[in-house]
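# task: produce atomic coordinates for the following.
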Amino acid sequence: MSETPQKRLYIKTYGCQMNVYDSERMADVLRPLGYGVVDEPEGADLVVLNTCHIREKATEKVYSELGYIKQMKGRKAEAGGQMTIAVAGCVAQAEGQEIMRRQPAVDLVVGPQAYHQLPELIARAHRATGERLSADFAADEKFDALPAERQVNGVSAFLTVQEGCDKFCTFCVVPYTRGGEWSRPPEQIEDEAKRLADQGVREVTLLGQNVNAYDGGGYTLARLVRRLAKIPGLDRIRYTTSHPRDMGDDLIEAHGELPQLMPYLHLPVQAGSDKILKAMNRDHTAESYVRLIEKIRAARPDIAMSGDFIVGFPGERDGDFDKTLELVREVGFASAFSFKYSRRPGTPASAMPGQVDEAVKAERLDRLNALLDEQQKAFNALQVGKVLPVLFEKKGRNPGQIVGRSPYLQAVHAVGPDNLLGQIVPVRIESSAKMSLGGVLESQSQLESA
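Below is the predicted model:
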């Protein structure tokens, strides 16, 4: 009796780390149906675009990609085969009916809280009966329905602990595409983390739209981290993305007390002008943000700060933007993500007066990026001469080269044997660039200096 040929699954992921996690879990859901992940969409039996709705360009990229995939679907049909096209994620949640109207080649649309229903939706699509769109907000049902086992590659993994948002920042679509804040039970998270550690994962990044708002069964994020830190083999814990208003004292204390909690914190501020922060509904001021950073650094002096910034928000004048530059200079960021404000339909900011000209946005973004790049290069340069513990993850491009991550999330390149992959190794840093560090294994540098 011959084996049934494996069906080919192609998943393209847009946007945030949570979408990366969701894509991995979609593959887990579909694996029992015989789907194996492939690297190219051409010839695939099922193509899933896992989408992001944060910025307009990201949404238009999805429609452009669908045009190419439609042609592939036609070629496969001409050869007597069948390709199913699915759109998942936040664009699916926000524009489900519009997607099917604009691109009839799409067979099914599934929101980020409903991808556990993919097997049923695929069956319906093949029968050409029933609903082809699922956009439920029942996150608890999703996680209860997901397979316990995950297939991971490598020594680092994402782990979703919280979804949704109750903050309603006026520029953001997340409350409308991911729903309200919901936290997974700590026991469920611990079980998944243990299984990851059993597969050789040494580092997990806890994910949530407002991850430090985690509130599962009386557990705060700090208490959850302390619980996960006890898992043998799980040597590094990170989390993202946080909100300043949810940065509690217990979490700050955990940074100072837990060696497993990495000294790197992504804490978006978005702007340095209180007027703009109020218009954004951020519920913090520039001053309170700066004082919060001081408190965090008092608990963990070596912590590296990362942030998010939006330039050109409606009503932002030159003086408001100058205050953002002032805040950046005062805080000092090891890394950051900065964007031009993008109008998202249905958000309050999209209808605000004082929309900023695109050319002005671009000029401000260039100035901000120049300052942030300067700070990132300076922070990386400070690591030269230090010995950092590096978790090596993969082979490098050059012969004999291996690549890993420092505690500060910098890429580190060194020459070493492949058996160091998956290990945390002391590395003496000898060079720095904007995006990476170069070093030698400490044991090797000691031999050379002897």
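# buried residues in stretch 324-342, which are they?
324-325, 327-328, 331, 333-336, 338-342 (16 or more other CB atoms under 10 Å). The way it works is simple: take the backbone N, C-alpha and C, and place the C-beta from them, glycine included.
# so where's this protein uncertain?
Across the chain, residues meeting the criterion (pLDDT under 70) sit at 1-5, 54-58, 126-148, 444-450.
# ok, back up a step: okay, the buried residues of stretch 324-342 in a markdown table with distance to residue 256 and secondary structure next?
Below are the buried residues of stretch 324-342 laid out as a markdown table (distance: CB to CB, whole Å; DSSP: H, G, I helix; E, B strand; the rest coil):
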| residue | distance to residue 256 | secondary structure |
| --- | --- | --- |
| 324 | 29 | helix |
| 325 | 30 | helix |
| 327 | 24 | helix |
| 328 | 25 | helix |
| 331 | 19 | helix |
| 333 | 20 | coil |
| 334 | 18 | coil |
| 335 | 21 | strand |
| 336 | 23 | strand |
| 338 | 29 | strand |
| 339 | 32 | strand |
| 340 | 36 | strand |
| 341 | 36 | coil |
| 342 | 37 | coil |
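# which one of those is nearest to residue 394?
Distance to residue 394, by CB to CB, is smallest for residue 335 among the buried residues of stretch 324-342, at 20.4 Å.
# picking up where we left off before, which two in the buried residues of stretch 324-342 are spaced the farthest apart?
334 and 342 (25.4 Å).
# residues touching the residue nearest to residue 236 when sequence neighbours are not counted, list them.
Among residues not flanking residue 236 along the chain, residue 203 sits closest, at 3.7 Å (CB to CB, 6 or more residues apart in numbering). Applying CB atoms under 8 Å, 6 or more residues apart in numbering, one finds that residue 203 lies in contact with 155-157, 234-238, 391, 405.
# looking at those residues, which are in strands?
If you go by DSSP state E, those have 156-157, 236-238, 391, 405 in strands.
# that older thread, out of the contacts of residue 203, who's nearest residue 254?
Of the contacts of residue 203, the one sitting nearest to residue 254 (CB to CB) turns out to be residue 237, at 9.5 Å.
# tally of neighbours for the closest one?
Using other CB atoms under 10 Å, residue 237 has 23 neighbouring residues.
# of the contacts of residue 203, closest to residue 105?
Closest to residue 105, out of all of the contacts of residue 203 and judged by CB to CB, is residue 157, at 33.5 Å.
# touching, residue 266 and residue 307? I think so.
Yes: using CB atoms under 8 Å, residue 266 is in contact with residue 307, at 7.2 Å.
# for residue 69, give its distance to residue 396.
Separation of residue 69 from residue 396 (CB to CB, to the nearest Å): 33 Å.
# what about these two, which has more around it?
Neighbour comparison, residue 69 and residue 396: the larger count goes to residue 69, with 21 against 16 (by other CB under 10 Å).
# quick one: that one is in a helix?
Yes: secondary structure of residue 69 (DSSP: H, G, I helix; E, B strand; the rest coil): part of a helix.
# contacts only, for it.
Applying CB under 8 Å, 6+ apart, the residues near residue 69 are 41, 47, 49, 83, 85, 105.
# now, of these, which are buried?
41, 47, 49, 83, 85.
# for residue 210, give me its contacts.
162, 164-167, 181, 241-243, 246.
# one more pass at 7 Å, please.
Applying CB atoms under 7 Å, 6 or more residues apart in numbering to residue 210 gives the contacts 162, 165, 167, 181, 243, 246.
# same check on residue 425?
390, 392, 441.
# include distance to residue 227 when you put the ones in strands among the contacts of residue 203 into JSON lines, please.
Listed next are those as JSON lines, based on distance: CB to CB, whole Å:
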{"residue": "156", "distance to residue 227": "20"}
{"residue": "157", "distance to residue 227": "17"}
{"residue": "236", "distance to residue 227": "15"}
{"residue": "237", "distance to residue 227": "10"}
{"residue": "238", "distance to residue 227": "16"}
{"residue": "391", "distance to residue 227": "21"}
{"residue": "405", "distance to residue 227": "23"}
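# which parts of the stretch 1-150 of the chain are helices?
17-30, 56-78, 90-102, 118-127, 139-145 (DSSP state H, counting those that start in this stretch).
# for the stretch 301-450 of the chain, that is, sorry about that
Going by DSSP H, counting those that start in this stretch, the stretch 301-450 of the chain shows helices at 318-331, 358-382, 442-449.
# and those: which comes nearest residue 197?
helix 442-449 (25.6 Å).
# just to revisit the earlier point, quick one: which of the contacts of residue 425 is nearest residue 420?
Among those, and counting by CB to CB, the member closest to residue 420 is residue 392, at 5.0 Å.
# against residue 155, how distant is the closest one?
From residue 392 across to residue 155, the span is 8 Å (CB to CB).
# mutual contacts of the two, please.
residue 422.
# okay, the two: which has more neighbours?
For residue 392 versus residue 155, neighbours defined as other CB under 10 Å are more numerous around residue 392 (26 against 23).
# so what's the residue nearest to that one when sequence neighbours are not counted up against?
Using CB to CB, 6+ apart and skipping residues adjacent in sequence, the residue nearest residue 392 is residue 404, 3.7 Å away. The contact partners of residue 404, taken as CB under 7 Å, 6+ apart, are 390-393, 412.
# circling back: can you tell me which of the contacts of residue 69 are in strands?
47, 49, 85.
# give the contact list for the second one.
To tie it back to what came earlier, the one meant is residue 49. Here residue 49 is in contact with 12, 62, 65, 87-88 (CB under 7 Å, 6+ apart).
# now those: which count as buried?
By 16+ other CB under 10 Å, the contacts of residue 49 give 62, 65, 87-88 as buried.
# closest to residue 216 among those residues?
residue 88 (25.0 Å).
# distance of the closest one from residue 286?
Taking CB to CB as the measure, residue 88 falls 37 Å from residue 286.
# ok, residue 274 next?
According to CB to CB, residue 274 stands 6 Å off from residue 286.
# between those two, which is the more surrounded one?
Applying other CB under 10 Å to residue 274 and residue 286 shows that residue 286 carries more neighbours, namely 21 against 16.
# how about the contacts made by that one?
So residue 286 contacts 272, 274, 277, 323, 327 (CB under 7 Å, 6+ apart).
# between those, which sits nearest residue 314?
Of these, the one sitting nearest to residue 314 (CB to CB) turns out to be residue 277, at 13.0 Å.
# and the strand or helix carrying the closest one, what's buried?
When elements are assigned from DSSP states H and E, residue 277 belongs to helix 274-280. With burial defined by 16+ other CB under 10 Å, the residues of helix 274-280 counted as buried are 274, 276-277, 279-280.
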